[in-house]
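Any chance you could fold what I've pasted below:
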Amino acid sequence: MTNRANELTALVTGATAGLGAEFARQLAESGHHLVLVARDGQRLKEKAAELERDFSISAEVLPADLTTDVGVSAVADRLRDAARPVDVLVNNAGVGLLKSFEDNELAEERRHLRLHVQTPMELCHAALEVMLPRGKGRIINVASVAAFANRGTYSAAKAWQVTFSRWANTTYAKSGVLVTAVCPGFTHTEFHDRMGMDKSVAPRFLWLTAERVVREGLEDNAKGKGVSIPTKRYKVVSFFARVLPAKLTSGPPRRPLEP
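Got it, this is the predicted structure:
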């Protein structure tokens with residue numbers, strides 16, 4: 001199916017599971033054609049077939065490892081294709097690191113920083129090359145409420161996404177391009193399972209559904225908000241995370257090494 005003037009296309013990274021899969025589902029439900037990006041080509045094909053069947057849209061698959069230059073270049077090239085313009089970019093791909101910074105391998109930290117900062121920056125730049133001349137476009141960067149706390153390099157990377165998105169929205173909204181950082185808290189997805197995190201560390205009332213996070217994120221982006229924090233409870237959490245002393249939002253202190 002070709003992309004005609006009255007049809008919209010969304011590109012979603014990390015599209016086979018979790019928030020990425022939910023973004024793809026809700027965008028397809030609203031009539032968007034899709035470009036689905038993830039590492040696992042077989043899962044991408046299965047997800048594309050499911051969405052095409054359920055919503056009568058077309059879904060293109062683009063397998064890519066977004067921690068590599070080759071993978072990012074492939075997606076950036078697709079975003080720069082003015083003959084097949086992407087109207088909505090969702091930078092969702094991400095990972096978490098369960099250990100403390102000093103206990104992680106440096107290579108892990110580099111991949112983590114690449115995926116959460118350099119990759120979305122490069123893909124936003126590529127998308128703007130087509131969106132700005134067209135005078136329209138939407139970009140969603142999936143950040144985290146952790147951006148407002150002090151929790152190692154994950155918080156630092158997500159804080160970059162929030163700051164960048166807020167600035168980009170202020171700068172480009174007048175040109176028709178809306179940019180939003182979506183900042184969920186604990187959400188029922190595969191993300192925490194892949195980290196090996198014990199989900200019991202957070203009380204049940206703090207857990208959100210992917211459906212609500214995505215729905216509110218898309219609504220806030222359409223309203224032109226630079227930052228979206230789903231639910232009132234996490235708006236309160238983020239407020240206190242910003243005003244409390246850093247030592248209270250940095251997690252438990254590290255135990256001293258044994259002599």
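
Quick check on residue 88: phi, psi?
The phi and psi values for residue 88, taken as degrees, to the nearest 10, are phi -130, psi 130.

Over to residue 140?
The phi/psi pair for residue 140 (degrees, to the nearest 10) is phi -120, psi 120.

Start and end of stretch 98-116, how far apart?
Stretch 98-116 has an end-to-end distance of 16 Å (C-alpha to C-alpha, to the nearest Å).

whoops, I mixed them up, stretch 60-67
Distance between the two ends of stretch 60-67: 21 Å, counting by C-alpha to C-alpha.

ok, and what's touching it?
By C-beta atoms under 8 Å, 6 or more residues apart in numbering, the surrounding residues in contact with stretch 60-67 are 11, 13, 33-41, 44-45, 48, 70-72, 74-75, 78, 93, 111, 114-115, 119. C-beta: built from backbone N, CA, C; applies to glycine.

which residues of the stretch 51-200 of the chain fall in strands?
Here the stretch 51-200 of the chain has its strands, by DSSP state E, counting those that start in this stretch, at 59-63, 88-91, 137-142, 177-182.

mind checking which of the ones you listed is nearest residue 26?
Closest approach to residue 26 among the strands of the stretch 51-200 of the chain is made by strand 88-91 (10.2 Å; C-beta to C-beta).

where does the stretch 151-259 of the chain dip in pLDDT?
Residue ranges of the stretch 151-259 of the chain with pLDDT under 70: 186-207, 239-259.

related to what we said a few turns ago, kindly give a single PyMOL line that selects the buried subset of the contacts of stretch 60-67.
In PyMOL, a selection of the buried entries from these looks like this (16 or more other C-beta atoms under 10 Å):
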select buried, resi 11+13+33+34+35+36+37+38+39+44+48+71+72+74+75+78+93+111+114+115+119
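
Rebuild the strands of the stretch 51-200 of the chain as TSV, extending it with mean neighbour count and distance to residue 125.
Output for the strands of the stretch 51-200 of the chain, formatted as TSV (neighbours: other C-beta atoms under 10 Å; distance: least, C-beta to C-beta, whole Å):
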stretch	mean neighbour count	distance to residue 125
strand 59-63	19	18
strand 88-91	28	11
strand 137-142	25	11
strand 177-182	27	12
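
Could you dump the ones you listed into TSV with distance to residue 100 added?
Output for these, formatted as TSV (distance: least, C-beta to C-beta, whole Å):
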stretch	distance to residue 100
strand 59-63	33
strand 88-91	26
strand 137-142	24
strand 177-182	25
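
what sits up against stretch 161-173?
In contact with stretch 161-173 (C-beta under 8 Å, 6+ apart) are residues 91, 116-117, 120-121, 124, 128, 132, 139, 141-143, 147-148, 177-181, 183, 224-227.

Any buried residues in that stretch, and which?
Buried, per 16+ other C-beta under 10 Å, within stretch 161-173: 161-162, 164-166, 168-169, 172.

Stretch 78-85 now?
By 16+ other C-beta under 10 Å, the buried positions in stretch 78-85 come out as 78-79, 85.

sorry, back to before: which of the buried residues of stretch 161-173 lies closest to residue 26?
residue 165 (19.4 Å).

what separates that closest one from residue 59, distance-wise?
According to C-beta to C-beta, to the nearest Å, residue 165 and residue 59 sit 26 Å apart.

hang on, the earlier thing: sort out for me which of the buried residues of stretch 78-85 are in helices.
78-79 (DSSP state H).

Give me the distance between residue 98 and residue 16.
Plainly put, residue 98 is 22 Å away from residue 16 if you go by C-beta to C-beta.

Oops, could you answer that again for residue 67 instead?
16 Å.

who has more neighbours, these two?
The residue with more neighbours, out of residue 67 and residue 16, is residue 16; 23 against 18, by other C-beta atoms under 10 Å.

How much space separates that one from residue 39?
Residue 16 sits 9 Å away from residue 39, going by C-beta to C-beta.

Spit out the residues that contact those two alike.
Counting by C-beta under 8 Å, 6+ apart, residue 16 and residue 39 have no contacts in common.
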